[in-house]
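Visitor: From the sequence below, what's the structure:
(2 chains)
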Amino acid sequence: MTAYIIRRLFMAVIIIILVTLIVFFSIRLLPGDPLIIFLGKNAGLEQMSDETLERLRHEYGLDKPVMVQYFSWISGVFRGDLGRSITYRDNVGTLLKERFPVTIHIGLVAFILGNVLGIMLGIIAALRRGTWIDSLATLVSYIGITIPVFWLGLLMMYVFGLKLGWLPITGYVSPFKDFWESTRSIIMPVICEMITGLAVIARQTRSSMLEVSRQDYIRTAWAKGLKERYIVLRHMLKNSLIPVITLLGIGIGIIFGGSVLVETVFAIPGVGRLLVTAVFQQDYVVVQSGVLVISSIVILSNLLVDISYGWLDPRIRYG
Amino acid sequence: MEKEQVAPVFSEAPTHVSEWRRFLRVFLQRKLVIFGLTILLILIICAIFAPWLAPHDPYRGNLRDALAQPSLKYLLGTDIQGRDTLSRLIYGARTVMLVGFVTVGIAASVGIILGITAGYYGGITNLIIMRIMDALMGFPMLLLALLIAAVLGSGIQNVIIALSVATLPGYCRVVCGMTLAIREDDYILAQRALGSSDLRIIFRHVMPNSLPPMIVLITLQLGSIILAEAGLSFLGIGIKPPGAAWGSMVADGYAYLLTHPVLSFAPGFAIMMVVLAFNLVGDGLRDALDPRLRGLL
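Guide: Got it, this is the predicted structure:
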């Protein structure tokens, strides 16, 4: 097990290094003077004298070789210094720190609810195979996989916000300020962010439950006269959830990807929205840091999933 | 149970015709597959014959008819510039097809080449290629697209580049796995003993064997590419105005949600139907081509 964990850890470190390289060098591909990374396209670089440009380049370390620039950026990142945003005139680290709790709040609730509901739906569909519940579950999972989340957001906004007036249309309230208002404000965003993951999980749970139910030991369990509850919970569920666990890592990626759209639709001040505005304001340092931080979270959670997977299923460790 | 008897279509067995028939029978048996194929047919017809099908000019509106409610003249109403929603929807099919197929074409060909190289040569080549793919998969698709859009700017060709890069690892992984498995087969060893070159083995044996999962993967990927493209155009990073993309139509209708909900509802529904169609057809293809792929793709 230790060897397996070390191998996985080593691989995750390599992948994160590759991600930093991709993020760093893709921004360097910008056409024109690399100074626009730090000053923006509207800084009026053309009007500046050569001396000023030279001084600015020196200030931002752009006169050094590009690998040196990469390492000084990376060492800054590890010290928590992600650079400065040109639009907010503030440290990117501070900007992210303000917005991450919002994204995490909604994302975490969506992640937990989506997985729990998805697994439950998958189990029920598999146990009641061929009934209307099964058809309903199939329909829900097709809708979840195919619906554009921003459109689902608009639909709910129209029905529950504008027509029925049950929920606030946009905005976000911190749970520490007013827990009830906060819960009301995140209901629709949470549904949008969880729907895709829920559908994927329900599908996988259903098919692996059916797979397991055909195994010999399940037939033996039935033949022994065990109760359905016991068979489902003790024998089927344990084994059929193993492939579902691999999807948890993917689910975190789906939620972060979805947060970009959902936070835009509902005007929620989270990281996703910050990134979208940064793209439009050509605030490269913010885009670069935000993408880096989110990707690292996704990779690390995949690492955790891999490790727990190897722990649960010894066959994987030696694979 | 009966599905398991279906053999892969692309084997070199002499009973080629009957396998093709069997594939068609299993594939077309399901009502959902027929439903999906119908939607795709409508999409293709709309994309090809848009100028003849669209009742109005999709780009130039009549300002006097701005924000018209659905009527006989404008079946789905008009937007703030008086442009007919239905006509824009029909022209939007062209954007969907263009982005979907060009992206899949680029991503699949690059992914297949990299995957075969990684799987066939193994060792350090495999290690380097697959770790880069892992890194690309570490980015959520929309974030990678945002990063690329931030660098290259918005516009349809940049959306295609971004989505190609984001979806490439999927093909690479599947092909690499297939190649690794096929490489160990005895008939490849026999080929090698006969003196076949690497290229001959790859083109004659490895490629045809990886074709069925590729076809399924491509169909399913088309759905997620269209969904991602819609998301990017919704954010405003996609086709530039006055071009018609369904995602940006949803965004344009956002401001008139209370009074003119159809402006947002119609294009969103179109996106969902097309993505659903690709998923239904993809699932059907998977079960008809090779049921062993269930759960893998």
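Visitor: Could you pull up phi and psi at residue B:78?
Guide: Backbone torsions of residue B:78, given as degrees, to the nearest 10, read phi -130, psi 160.
Visitor: Leaving out the residues flanking it, which one is nearest to it?
Guide: Spatial nearest neighbour of residue B:78, excluding adjacent residues (Cβ to Cβ, 6 or more residues apart in numbering or on different chains): residue B:68 at 4.5 Å. Every C-beta, even on glycine, is put in place using the N, C-alpha and C of the backbone.
Visitor: With residue A:255 instead?
Guide: Distance criterion Cβ to Cβ, 6+ apart; nearest residue to residue A:255, sequence neighbours excluded, is residue A:107 at 4.7 Å.
Visitor: Would you enumerate the residues in contact with that neighbour?
Guide: Contacts for residue A:107 (Cβ atoms under 8 Å, 6 or more residues apart in numbering or on different chains) come out as A:193, A:252, A:255, A:256, A:259.
Visitor: Just give me the closest of these to chain B.
Guide: Proximity of the contacts of residue A:107 to chain B, judged by Cβ to the nearest Cβ, is greatest for residue A:256, which lies at 4.9 Å.
Visitor: Neighbours of residue A:290, how many?
Guide: Other residues near residue A:290 come to 29 when the count uses other Cβ atoms under 10 Å in any protein chain shown.
Visitor: what separates the nearest residue to residue B:261 once chain neighbours are set aside from residue B:248, distance-wise?
Guide: Take residue B:261 and drop its neighbours on the chain: the residue closest to it by Cβ to Cβ, 6+ apart is residue A:158, 5.6 Å away. Distance of residue A:158 to residue B:248, computed by Cβ to Cβ, to the nearest Å: 19 Å.
Visitor: More neighbours: those two, which one.
Guide: residue B:248 (25 against 17).
Visitor: Test my guess that that one contacts residue B:236.
Guide: Yes. Counting by Cβ atoms under 8 Å, residue B:236 is a contact partner of residue B:248 at 6.9 Å.
Visitor: Low-confidence stretches in the stretch 1-150 of chain B?
Guide: B:1-18 (pLDDT under 70).
Visitor: now do 50
Guide: Low-confidence segments of the stretch 1-150 of chain B, defined by pLDDT under 50, span residues B:1-3.
Visitor: what does it put close to chain A?
Guide: Contact residues, the stretch 1-150 of chain B versus chain A (Cβ under 8 Å from any Cβ of the partner chain): B:131-132, B:134-136, B:138-144, B:146-150.
Visitor: Buried ones among those?
Guide: Those of those that meet the buried threshold are B:132, B:134-136, B:138-144, B:146-150, by 16 or more other Cβ atoms under 10 Å in any protein chain shown.
Visitor: didn't the residue nearest to residue B:261 look like it was pressed against residue B:263?
Guide: No. Using Cβ under 8 Å, residue A:158 and residue B:263 do not qualify as a contacting pair, with a distance of 11.4 Å.
Visitor: on that earlier part again, let me see the contact set for the residue nearest to residue B:78.
Guide: Residue B:68 neighbours (Cβ under 8 Å, 6+ apart): B:74, B:77, B:78, B:82.
Visitor: show me where chain B has strands.
Guide: Under the criterion DSSP state E, strands are not mapped anywhere in chain B.
Visitor: Could you identify the longest helix within it?
Guide: The residue-count maximum for a helix in chain B (DSSP state H) belongs to helix B:85-121.
Visitor: Got the domain ranges for chain A?
Guide: According to automatic domain parsing, chain A comprises the domains A:2-78, A:94-281.
Visitor: Over to residue A:128: give its phi and psi.
Guide: Dihedral angles of residue A:128 (phi, psi; degrees, to the nearest 10) stand at phi -110, psi 50.
Visitor: typed the wrong thing, it's residue B:139
Guide: Backbone geometry at residue B:139, expressed as degrees, to the nearest 10, gives phi -90, psi 130.
Visitor: Over to residue B:153?
Guide: Dihedral angles of residue B:153 (phi, psi; degrees, to the nearest 10) stand at phi 90, psi 170.
Visitor: Pull up the gap between it and chain A, please.
Guide: For residue B:153, the distance to chain A equals 9 Å [Cβ to the nearest Cβ, to the nearest Å].
Visitor: Which pLDDT value does the model give that residue?
Guide: With respect to pLDDT, residue B:153 scores 80.
Visitor: which residues touch it?
Guide: Shown here is residue B:153, which makes no contacts under the criterion Cβ under 8 Å, 6+ apart.
Visitor: Could you measure from it over to residue A:295?
Guide: Taking Cβ to Cβ, one finds residue B:153 at 22 Å from residue A:295.
Visitor: nearest to chain A, of the contacts of residue B:68?
Guide: The nearest member of the contacts of residue B:68 to chain A, counting by Cβ to the nearest Cβ, is residue B:77 at 15.3 Å.
Visitor: Quick check: the closest one touching residue B:69?
Guide: Yes. If you go by Cβ under 8 Å, residue B:77 and residue B:69 touch, sitting 5.4 Å apart.
Visitor: neighbours around the residue nearest to residue A:85 when sequence neighbours are not counted, how many?
Guide: Leaving aside its sequence neighbours, residue A:85 sits nearest to residue A:286 (Cβ to Cβ, 6+ apart; 4.9 Å). Residue A:286: 28 surrounding residues under other Cβ under 10 Å.
Visitor: Which secondary structure element is home to residue A:286?
Guide: helix A:284-312 (DSSP states H and E).
Visitor: Report the rounded mean pLDDT for that helix.
Guide: Mean pLDDT, helix A:284-312: 88.
Visitor: can you pull the buried residues of that helix?
Guide: For helix A:284-312, the neighbour count (16+ other Cβ under 10 Å) marks A:284-303, A:305-307, A:309-310 as buried.
Visitor: try stretch A:27-36
Guide: Buried residues in stretch A:27-36 (16+ other Cβ under 10 Å): A:27, A:30, A:33, A:34, A:35, A:36.
Visitor: same question, stretch B:37-50
Guide: Residues of stretch B:37-50 classed as buried: B:37, B:39, B:40, B:43, B:46, B:47, B:50 (neighbour count, 16+ other Cβ under 10 Å).
Visitor: Closest to chain A out of the residues you listed?
Guide: Nearest to chain A among the buried residues of stretch B:37-50 is residue B:39, at 11.2 Å by Cβ to the nearest Cβ.
Visitor: ok, and the closest non-adjacent residue to the closest one?
Guide: For residue B:39, the spatially nearest residue (Cβ to Cβ, 6+ apart) is residue B:277, at 3.7 Å.
Visitor: Look at the one you found and say how many residues are nearby.
Guide: Residues near residue B:277, counting by other Cβ under 10 Å: 26.
Visitor: Can I get the buried residues of stretch B:37-50 in a markdown table including distance to residue A:168?
Guide: Below are those laid out as a markdown table (distance: Cβ to Cβ, whole Å):
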| residue | distance to residue A:168 |
| --- | --- |
| B:37 | 42 |
| B:39 | 36 |
| B:40 | 39 |
| B:43 | 37 |
| B:46 | 38 |
| B:47 | 40 |
| B:50 | 40 |
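Visitor: Turn the domains of chain A into TSV, including mean pLDDT and distance to residue B:127.
Guide: Output for those, formatted as TSV (pLDDT from 0 to 100; distance: least, Cβ to Cβ, whole Å):
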stretch	mean pLDDT	distance to residue B:127
domain A:2-78	82	9
domain A:94-281	90	21
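Visitor: any chance of these in a markdown table, plus distance to residue B:164?
Guide: Converted to a markdown table, the domains of chain A look like this (distance: least, Cβ to Cβ, whole Å):
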| stretch | distance to residue B:164 |
| --- | --- |
| domain A:2-78 | 14 |
| domain A:94-281 | 17 |
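Visitor: hey, which of those domains is tucked in deepest?
Guide: domain A:94-281 (a mean of 19; mean count of other Cβ atoms under 10 Å in any protein chain shown).
Visitor: Nearest residue to the middle of the chain?
Guide: In the absence of a named chain, chain A is used. The C-alpha lying nearest the average C-alpha coordinate of chain A belongs to residue A:256 (Cα atoms, centre = their mean; 2.7 Å).
Visitor: To clarify, I was referring to chain B.
Guide: Centroid-nearest residue in chain B: residue B:222, 1.1 Å away (criterion: Cα atoms, centre = their mean).
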